[in-house]
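>>> model the structure of this input:
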Amino acid sequence: MHILVNTGGGDAPGLNAVIRAVTLSGLRRGWKVTGIRRGYHGLLEPPSEGLIELTRDKVRGIAHLGGTILGTVNKGHPFEFITEVDGKKTTIDVSAEIMRRFREIGADAMIAIGGDGAFRIATRFTAMGMPIVGVPKTIDNDLSCTQATFGFDTAVTVATEAIDRLHSTAESHERIMVVEVMGRYAGWIAMHAGVAGNAHVILFPEIPYDIDSVVDRIKKRYASGRRYCIVVVAEGAMPRDGDISTIGTELGREVRLGGLAEKIGHYLGERTGFESRSLVLGHLQRGGSPTHRDRLLALRFGAAAVRMVEQGKFGHIVAYQPPHMVPVLMEEAIAVMKTVPLDSDTVQTARDLGICLGD
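Predicted coordinates for the structure are as follows:
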């Protein structure tokens, strides 16, 4: 059997561990394993440039490394492929060419590692006849049907360590420190890192915030003698009567979230009269070695994906439903975004600790 593997969307710590597990599990069964470079792009390029045969030597010692040895793209939609015609950027559908190349190289199945965007693409290729098994990857932890996605634990660890470091400098200068974390439209990173890092305010998408409530809480904190404040904001948090903060679009299509920490920091400084600073952690949360939890989870995902290929469970993703890895239909996995439940114990813990959630 000949299986392909690719990594699509934003990178996440643990991708290389999945690739290693897929490769070793496939080779153990006597299969050939080929990696596609840069998402699906590698199938549009000469084989010497776009494909890499994955051997034991190729994946030796990569499980602890960040990034992906295959490379990835988050603007490589095969059904809306961006190209330039007569000096102008336009989109074309290259899916038929990718299907032709898939068959031409004698591939039997594809293991697609990605998030909701990658799986939406995969469902369309599945409908065209490509046998695909998906492996869920996103630091945002917003895919339903799986309790966790690899990369999330590492992102939370990085964010928590950053918040820990900010406490001392904020207290020394009696400042309001506003920290922006990733997560897009879900507040998992903000909530977990904020609670673990002893933040005083956490703003996240699931609770539209009232900035006056935040101002009031900070003033009371300073008045009590605790003259500094750590505010954690998810990039997708939004005010009750306002819009999400954006900084343009990606090539005219996908909205880019950002700029919220600077806006809130400036506003809080003006309204409270206290000095404020803002910090955007950004891609620090994506880089570096995965934590042991993410590494183990990624290895389990990769091995389970090969077992699902062996069982013919195409059109499914591997879902972590402790203590097992189970197949879930791709359409079901991307039907609903997994957001932070407002009745969850973590949210209740934040409230019991006196953390302001903006409401």
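
>>> who's in contact with the nearest residue to Met177 once chain neighbours are set aside?
Nearest non-adjacent residue to Met177, counting by C-beta to C-beta, 6 or more residues apart in numbering: Ala170, 4.4 Å away. No exception for glycine: its C-beta is placed from N, CA and C like everyone else's. For Ala170, the contacting residues are 176-177, 228-230, by C-beta atoms under 8 Å, 6 or more residues apart in numbering.

>>> so which helix or strand takes in Ala170?
Assigned by DSSP states H and E, Ala170 belongs to helix 152-173.

>>> ditto for Leu27
Using DSSP H and E, Leu27 maps to helix 15-28.

>>> name the next helix or strand following that helix along the chain.
Scanning the chain past helix 15-28 towards its C-terminal end, the next helix or strand to appear is strand 32-36 (assignment: DSSP H and E).

>>> buried stuff in the helix or strand that that next one is followed by?
Using DSSP H and E, the helix or strand that follows strand 32-36 towards the C-terminus is helix 47-50. Residues of helix 47-50 classed as buried under the neighbour-count rule (16 or more other C-beta atoms under 10 Å) are Gly50.

>>> from Ala159, how far out is Ala127?
38 Å (C-beta to C-beta, to the nearest Å).

>>> among those two, which residue is more densely surrounded?
The neighbour comparison of Ala127 against Ala159 (other C-beta atoms under 10 Å) goes to Ala159, with 27 against 9.

>>> assumed Val135 was part of a strand.
Yes: counting by DSSP: H, G, I helix; E, B strand; the rest coil, Val135 falls inside a strand.

>>> measure it to Leu15 for me?
Distance from Val135 to Leu15, by C-beta to C-beta: 9 Å.

>>> identify the contacts common to these two.
Counting by C-beta under 8 Å, 6+ apart, the common neighbours of Val135 and Leu15 are Ile113.

>>> residues contacting Gln147?
Gln147 makes contact with 320-322, according to C-beta under 8 Å, 6+ apart.

>>> thinking again about what came up before, tell me the mean pLDDT for the helix holding Ala170?
Averaging pLDDT along helix 152-173 gives 97.

>>> quick one: distance of it to the chain centre.
19 Å (C-alpha atoms, centre = their mean, to the nearest Å).

>>> tell me the buried residues in it?
Of the residues in helix 152-173, those buried by neighbour count under the rule 16+ other C-beta under 10 Å are 152-160, 162-163, 166-167, 170.

>>> helix, strand, or coil at Gln348?
Going by three-state DSSP: Gln348 is helix.

>>> state the pLDDT value of it.
The model's pLDDT for Gln348 equals 97.

>>> next up, the contacts around it.
With C-beta under 8 Å, 6+ apart, Gln348 has no contacts at all.

>>> downstream of the helix holding Ala170, the next helix or strand is which one?
Counting by DSSP H and E, what follows helix 152-173 is strand 176-181.

>>> by how many degrees do the helix or strand that that next one is followed by and helix 152-173 diverge?
Past strand 176-181, further along toward the C-terminus, the next helix or strand under DSSP H and E is helix 188-196. Here helix 188-196 runs at 50 degrees with respect to helix 152-173, directions being taken by axes from the mean of the first three to the mean of the last three C-alpha atoms, to 10 degrees.

>>> what helices and strands are in contact with helix 188-196?
On a contact count with 3 or more C-beta pairs under 8 Å, 6 or more residues apart in numbering; DSSP states H and E, helix 188-196 meets helix 152-173, strand 176-181, strand 201-203, strand 229-234, helix 345-352.

>>> what's the nearest residue to Thr349 if we skip its chain neighbours?
Nearest one to Thr349, counting by C-beta to C-beta, 6+ apart, is Val195 at 6.3 Å.
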